[in-house]
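J.: fold the following for me, if possible:
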Amino acid sequence: MTQPTSLADSEKSARRIVILVLLYCIPAFQALLPIIDADIWWHLRTGQWIISNGWVPVQDPFSAYGMGKPWVAYSWLFELFVYGLFKNFGLGGIVVQFIYGLAALVLFVGEGLLCRLFSFDRCNSNWQAISLGRLSLILLACGLATLATPYHYHLYRPIIEYSLQSGAFRIISELQPLFFRTVSEWLVLAMTLVAAFVLGWERSWLPFPTSLLLMSAFLTFQAKRDIWVMALAAAFIISQYQSFFSTARLPFALTRFQITFITAGLMLGIFLMGRHRELSEKGFQNIVAQMFPVGAAEFVSRSKYTGPLYNDLDWGGYLIWSLPNFPVSMDGRTNLHGDERIQRSVATWGGYKGWDSDPELRAAQLILARNREALTSLLLIDPRFELVYEDGIAAVFVPRR
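T.: Predicted coordinates for the structure are as follows:
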């Protein structure tokens, strides 16, 4: 009977290894997507600016409106990191490192669940022991740590600016609330309810996870771009506080040999997914050229045209990166530009009544426009402007002499 039992154990071990590999391939598959975030470009430019100048910017160096005005690059450390990756590994380096970071986060939030499933002996989580007093000390330490950054207490200025800004949350799609039109949004809602149920099942006051859940719910249901905050918080709470689940330990422990197989399987899965999606540096560049005005920016950089430049919000970040000598009129740093300017820009590009009275448009010597914008169609028939460049996604106009 020893051989069948051993064979059964081997099959059970193999099944669980395959399940673990597939489990970690799910977030990797989602992470292996092209860079479509327009803000990544001004983050890269900020990182380059910090390296070149040896300090963080205290005034905006990238936009015509913000030139000379106070500006806090609150994510300066992230910007140094992504610029270093880009400089050494190209666009692919940013995506690959994001996958590694995502895997680390999944390991962290899923620690409790993995411990229960695979009987790790060193899993003794003490998160339940975090009292209100200890949590207060942690918050105080975090607050004091911000004073050690280059911006000191000014680091809190963007938080105040964003909290007082409401117009951008009505206009910009990623800042709008969840509309529950996609499967992912319903899944996040389900995770939120399960996490709340788990905490309620504990029948005791747990300051840290309760505060974490409330903060995540506020951020996520206010703006869909922060949906990842609730996903991670709910996964952490469900994995750590699960007394309503069976506490029986399964007789399974991962050996070094099995961990090696899981790691090799995950790396093979990432490689195959990358090949399937053609995620090479050349492939990334082709995707960028389909989404951003690469050809138009190259044309402007080769030409003798001068600013001021007029552009829309979505392409402002890319133009900060690709046209460093042309301060942009608008970009994704909404706290810098303010609700009034953002609403006026959106109305102008939408071709609404009074579009031709926009003072920035009237003063512009160079207009870089999307082909599908209403303003582009209006400029094509406006005798005051001349089309000097056009490709599949962008057009460049200058005032007619």
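
J.: okay, now the unreliable bits of this structure?
T.: 1-10, 26-36, 92-132, 241-255, 277-279 (pLDDT under 70).

J.: for the closest residue to residue 146 other than its chain neighbours, grab phi and psi.
T.: Nearest residue to residue 146 in three dimensions, chain neighbours excluded: residue 155, at 5.1 Å (Cβ to Cβ, 6 or more residues apart in numbering). From N, CA and C alone the C-beta is placed, and that goes for glycine too. Residue 155 adopts backbone torsions of phi -60, psi -20, taken as degrees, to the nearest 10.

J.: residue 155 - how many residues pack around it?
T.: A count of nearby residues for residue 155, using other Cβ atoms under 10 Å, gives 16.

J.: is it in contact with residue 72, as I believe?
T.: Yes: between residue 155 and residue 72 there is a contact under Cβ atoms under 8 Å: 6.4 Å.

J.: tell me which element residue 189 is part of?
T.: Per DSSP states H and E, residue 189 falls inside helix 183-201.

J.: report the buried residues of that helix.
T.: If you call a residue buried by 16 or more other Cβ atoms under 10 Å, then helix 183-201 has these buried ones: 185, 188, 189, 191, 192, 195, 196, 198, 199.

J.: what residues of the helix or strand following that helix count as buried?
T.: Later in the chain than helix 183-201, the nearest helix or strand by DSSP H and E is helix 207-222. For helix 207-222, the neighbour count (16+ other Cβ under 10 Å) marks 208, 209, 210, 212, 213, 216, 217, 219, 220, 221 as buried.

J.: please state the backbone phi and psi of residue 331?
T.: Torsion angles, degrees, to the nearest 10, at residue 331: phi -160, psi -170.

J.: residues touching it, list them.
T.: 42, 62, 63, 313, 316, 317, 319, 320, 337 (Cβ atoms under 8 Å, 6 or more residues apart in numbering).

J.: of all the residues you listed, which comes closest to residue 303?
T.: residue 319 (14.5 Å; Cβ to Cβ).

J.: what's the helix or strand for the closest one?
T.: helix 313-322.

J.: show me what that helix is in contact with.
T.: So helix 313-322 is contacted by 38-45, 62-63, 172, 292-294, 297-298, 301, 309, 311, 326, 328-332, 342, 345-346, 368, 370 (Cβ under 8 Å, 6+ apart).

J.: and those residues, which are buried?
T.: Buried among the contacts of helix 313-322 by 16+ other Cβ under 10 Å: 38-45, 62-63, 172, 292-294, 297, 309, 311, 326, 328-332, 342, 345-346, 368, 370.

J.: can you list the domains in the chain?
T.: Using automatic domain parsing, the domain parsing of the chain gives 1-119+249-290, 126-227, 292-399.

J.: JSON lines please, covering those and showing distance to residue 237.
T.: Putting those into JSON lines (distance: least, Cβ to Cβ, whole Å) gives the following:
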{"stretch": "domain 1-119+249-290", "distance to residue 237": "9"}
{"stretch": "domain 126-227", "distance to residue 237": "4"}
{"stretch": "domain 292-399", "distance to residue 237": "30"}
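
J.: and these, which is most packed in?
T.: domain 292-399 (a mean of 18; mean count of other Cβ atoms under 10 Å).

J.: endpoint to endpoint, that one covers what distance?
T.: 23 Å (Cα to Cα, to the nearest Å).

J.: what are the ranges of the strands in the chain?
T.: 309-310, 366-370, 385-390, 394-399 (DSSP state E).

J.: do you know which of those lies nearest residue 51?
T.: When the strands of the chain are compared for distance to residue 51 using Cβ to Cβ, the nearest one is strand 309-310, at 24.4 Å.

J.: contacts for that closest one?
T.: By Cβ under 8 Å, 6+ apart, the list of residues contacting strand 309-310 reads 64, 319, 323, 326-329, 360-361, 364-368.

J.: which pair of those residues spans the longest distance?
T.: Maximum distance among the contacts of strand 309-310 (Cβ to Cβ): 18.0 Å, for 323 and 361.

J.: right, and residue 388 touches residue 397 too?
T.: Yes: if you go by Cβ under 8 Å, residue 388 and residue 397 touch, sitting 6.9 Å apart.

J.: what's near enough to touch residue 156?
T.: Applying Cβ under 8 Å, 6+ apart, the residues contacting residue 156 are residue 146.

J.: over to residue 38?
T.: By Cβ under 8 Å, 6+ apart, the neighbours of residue 38 are 292, 314, 315, 316, 317, 318, 332.

J.: quick one: it from residue 203, how far?
T.: Residue 38 is 46 Å from residue 203, where distance means Cβ to Cβ, to the nearest Å.

J.: residue 62 too?
T.: 53 Å.

J.: kindly report the same for residue 191.
T.: Counting by Cβ to Cβ - residue 191 and residue 203 are separated by 21 Å.

J.: swap in residue 39?
T.: From residue 39 to residue 203 the distance is 43 Å (Cβ to Cβ).

J.: all helices of the stretch 201-350 of the chain, in order?
T.: For the stretch 201-350 of the chain, applying DSSP state H, counting those that start in this stretch gives helices covering 207-222, 227-240, 256-276, 281-291, 294-302, 313-322, 334-349.

J.: how far is the shortest one from where the chain is centred?
T.: Computed by Cα atoms, centre = their mean, to the nearest Å, the chain-centroid distance of helix 294-302 equals 27 Å.

J.: would you map the helices across the stretch 51-200 of the chain?
T.: Under DSSP H, counting those that start in this stretch, the stretch 51-200 of the chain gives helices at 76-89, 91-109, 111-118, 132-146, 157-163, 167-171, 183-201.

J.: tell me what the fourth one is packed against?
T.: Using 3 or more Cβ pairs under 8 Å, 6 or more residues apart in numbering; DSSP states H and E as the contact criterion, the neighbours of helix 132-146 among helices and strands are helix 207-222.
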